[in-house]
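Visitor: my questions concern the predicted model and sequence given below.
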Amino acid sequence: MAAAIETEGLTKDFAVGFWRPRPYRALDQLTLTVEAGEVFGFLGPNGAGKSTTLKLLMQLLYPTAGAARILGRPAGDADVRQRVGFLAENPYYYDYLTAEELLSYFARLFGYRGTEVATRVTRVLDEVGVGQERRMRLRRFSKGMIQRVGLAQALLNDPDVVFLDEPMSGLDPLGRRQVRDLILALRARGCTVFFSSHILSDAEALCGRVGVLVQGRLVACGPLSEILAFELKGWELVVAGVSEALRPDLAQLAARTTQLSDGHVMLHLAPHAEPDRLVGELTRRGAHIVSLNPVRDTLEDYFVQVVGSAAARDQRSVGA
């Protein structure tokens, strides 16, 4: 199966300064492949070049060097645009239109006519959770509601590839849950989703692969199963119904204990501990087992580690 998104040596320089402009490299030799039907998370700190990459893929900007292909065709190809959806980081629309009027306009740009326009507009607004507000002018919408309308326009043409720049921005917990469900539904029907995010827990829950961009350079890329496969750091065992006779023994059974609410106690176990044997011992002595979870590095831990390492290398280079 052909790749849905390909970049090769994609580079973007901006001129900075007034009297003597100097080139500033926002994106440096990005080479990346995203397979069809994949949910790919594009992660990085502020100013890393994530939005620049998306704008290059949508040809809102043109590269200084390198090339990009979408669905096997050059980025910006007219036929490809019919099969792509895009949500900008800070969408802005003509705010005297209602949500229905705005999306009807976009639907006609895609070539839909007649009753199909109203049918599609109603469907996508329902999917993103815009109710009776759809008949209000956009100037009265909150940032989160504008974000929902932006998501609706990105899905209006049933795209094969969707680019989402910070799709969770400005959304409340319910809105984030709906967006996650939408992305999973898109993946289920074979749509490719490429989204940038600072919310690492969302990427961890949704993505098969992620790429980490730091100062315009791709410093890591791969499946989450590999990135998160770090050494086990320990176990967290939560128990309830601990008798007074048992409490003095908990300090010997665990490396550390934490008193929780409602009489629950968390036991912090060493990596080499035998949790099954301990669970049996505690159960035999009348305790109730609430949960047992391994402690491993998260995507956020990895993100901080990679960003810190890249910054340290840059400082050494400047010093040299």
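Guide: Cool, got the structure. Residues are numbered from 1 along each chain as shown.
Visitor: name the helices or strands packed onto the lengthiest helix in the chain?
Guide: Counting by DSSP state H, the longest helix found in the chain is helix 299-319. Judged by 3 or more CB pairs under 8 Å, 6 or more residues apart in numbering; DSSP states H and E, helix 299-319 is in contact with helix 200-206, strand 209-214, strand 217-223, helix 224-227. Using the backbone N, CA and C atoms, a C-beta is placed for each residue, glycine as well.
Visitor: can we see that at 10 Å?
Guide: Counting contacts by 3 or more CB pairs under 10 Å, 6 or more residues apart in numbering; DSSP states H and E, helix 299-319 is packed against strand 39-43, helix 200-206, strand 209-214, strand 217-223, helix 224-227.
Visitor: now what about the helix or strand following the shortest one, what contacts it?
Guide: Just to be clear, that refers to helix 224-227. Later in the chain than helix 224-227, the nearest helix or strand by DSSP states H and E is strand 234-240. The contact list for strand 234-240 (CB atoms under 10 Å, 6 or more residues apart in numbering) reads 246, 250, 253-258, 260, 262-275, 278-279, 282-283, 287-296.
Visitor: what about 6 Å?
Guide: With CB atoms under 6 Å, 6 or more residues apart in numbering as the contact definition, strand 234-240 has outside contacts at 263-267, 269-271, 275, 282, 287-295.
Visitor: return the distance of stretch 44-56 from the chain's centre.
Guide: 13 Å (CA atoms, centre = their mean, to the nearest Å).
Visitor: next, the angle strand 39-43 makes with the lowest-mean-pLDDT helix or strand in the chain.
Guide: Least confident helix or strand of the chain, by mean pLDDT, DSSP states H and E, is helix 299-319 with a mean of 72. Helix 299-319 and strand 39-43 meet at an angle of 40 degrees, taking axes from the mean of the first three to the mean of the last three CA atoms, to 10 degrees as the criterion.
Visitor: just the CA atoms of helix 299-319, as PDB, please.
Guide: Extracted in PDB, the C-alpha atoms of helix 299-319 (Å, rounded to 0.1, in the frame of the first residue of the first chain):
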ATOM      1  CA  LEU A 299       5.400   9.400  26.500                       C
ATOM      2  CA  GLU A 300       5.800  12.600  28.500                       C
ATOM      3  CA  ASP A 301       8.900  11.200  30.200                       C
ATOM      4  CA  TYR A 302      10.300  10.300  26.900                       C
ATOM      5  CA  PHE A 303       9.400  13.700  25.400                       C
ATOM      6  CA  VAL A 304      11.200  15.600  28.200                       C
ATOM      7  CA  GLN A 305      14.200  13.400  27.900                       C
ATOM      8  CA  VAL A 306      14.500  13.900  24.100                       C
ATOM      9  CA  VAL A 307      14.000  17.600  24.300                       C
ATOM     10  CA  GLY A 308      16.500  18.000  27.100                       C
ATOM     11  CA  SER A 309      19.100  15.900  25.200                       C
ATOM     12  CA  ALA A 310      18.700  18.000  22.100                       C
ATOM     13  CA  ALA A 311      19.000  21.200  24.000                       C
ATOM     14  CA  ALA A 312      22.200  20.000  25.700                       C
ATOM     15  CA  ARG A 313      23.800  19.000  22.300                       C
ATOM     16  CA  ASP A 314      23.000  22.500  20.900                       C
ATOM     17  CA  GLN A 315      24.600  24.200  23.900                       C
ATOM     18  CA  ARG A 316      27.800  22.000  23.500                       C
ATOM     19  CA  SER A 317      27.900  22.900  19.800                       C
ATOM     20  CA  VAL A 318      27.600  26.600  20.600                       C
ATOM     21  CA  GLY A 319      30.400  26.300  23.200                       C
END
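Visitor: that's all I had, so thanks and see you.
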